[in-house]
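Here you go, sequence then predicted model.
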Amino acid sequence: MMHFYTADPHFFHQNILKYCARPFRSIAEMNRVILNNYRSTVGPDDDLWILGDVAVVHIDQAGHLTSMLHEIPGRKHLICGNHDKHWIKALNVWTSVHDLVEITDQGTRVSMCHYPMLTWPGARRGAIQLFGHVHSNWRGSRNSLNVGVDVWNYRPVTLPEILKRASTLPVNPLWSKVEPRTDI
């Protein structure tokens, strides 16, 4: 069993192509590529954590969205984002739905929220925070990482991949102010 992390697929969202300069000719192509990347990565015994903004779509497309999400293997967990309407949260595809959640993955405490945070539970003891929301505007910092599709080639990622990238990122300049006397 593996944990995979992703955020901000924005299925069906026409304007996301221009807002984020996504390299797709159409929404259909974007949906297909992201869905295929999820399907080819996540196994039936895995957990996929989607950190918000699953889709920007009218409720009349609920059936189509549900069918797409059922195509993704494994257990799907939603961390609610600003575009996740109540009916999206209520779809029968989710193993769990949260605003904020903590898990342990390979011995590392992981705090997940759609939004980037300055500090979180366990931050002084090596916990990391994963987020989306900002698309390609910010990759994150040494211990707070963007797992959005826009910065990970439209695919979900594992904790080792995240930690490898984290080691290349700077410490957040506000870290010493919010967590004084704590080195990372």
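Looks like it arrived, so ask away. Residues are numbered from 1 along each chain as shown.

Grab the nearest non-local neighbour of L174.
L118 (5.8 Å; CB to CB, 6 or more residues apart in numbering). In short, each C-beta sits where N, CA and C put it, glycine included.

Spit out the contact partners of the residue nearest to P44 when sequence neighbours are not counted.
Counting by CB to CB, 6+ apart, P73 is the residue found nearest to P44 once chain neighbours are left out, at 4.6 Å. Residues near P73 by CB atoms under 8 Å, 6 or more residues apart in numbering: 39, 42-44, 46.

ok, so what distance separates P73 from T95?
Counting by CB to CB, to the nearest Å, the gap from P73 to T95 is 12 Å.

Poorly predicted segments of this structure, please.
For the chain, not a single residue meets the criterion pLDDT under 70.

Strands of that one, start to end?
Using DSSP state E, the strands of the chain run over residues 3-6, 47-50, 75-79, 94-98, 100-105, 108-113, 128-131, 140-141, 144-146.

hang on, the earlier thing: next, the contact list for the residue nearest to L174, please.
By CB under 8 Å, 6+ apart, the contact list for L118 reads 172, 174-175, 178.

for the lengthiest helix in the chain, which positions count as buried?
For the chain, the longest helix by residue count, based on DSSP state H, is helix 27-41. Across helix 27-41, burial judged by 16 or more other CB atoms under 10 Å covers 27, 30-31, 33-35, 37-38, 41.

Packing partners of that helix?
helix 16-19 (3 or more CB pairs under 8 Å, 6 or more residues apart in numbering; DSSP states H and E).

same for the helix it packs on, what does it pack against?
Checked by 3+ CB pairs under 8 Å, 6+ apart, helix 16-19 has helix 27-41 packed alongside it.

can you state the direction angle for the helix it packs on and strand 75-79?
On the basis of axes from the mean of the first three to the mean of the last three CA atoms, to 10 degrees, helix 27-41 is oriented at 120 degrees to strand 75-79.

now helix 27-41: how far from the chain's centre is it?
Centre-to-centre, helix 27-41 and its host chain are 15 Å apart (CA atoms, centre = their mean, to the nearest Å).

Kindly report the same for stretch 168-180.
The answer for stretch 168-180 is 22 Å, by CA atoms, centre = their mean.

And the contacts of it?
Outside stretch 168-180, the residues that touch it by CB under 8 Å, 6+ apart are 118-119, 123-124, 139-145, 182, 184.

And the furthest pair within those residues?
R124 and R139 (22.6 Å; CB to CB).
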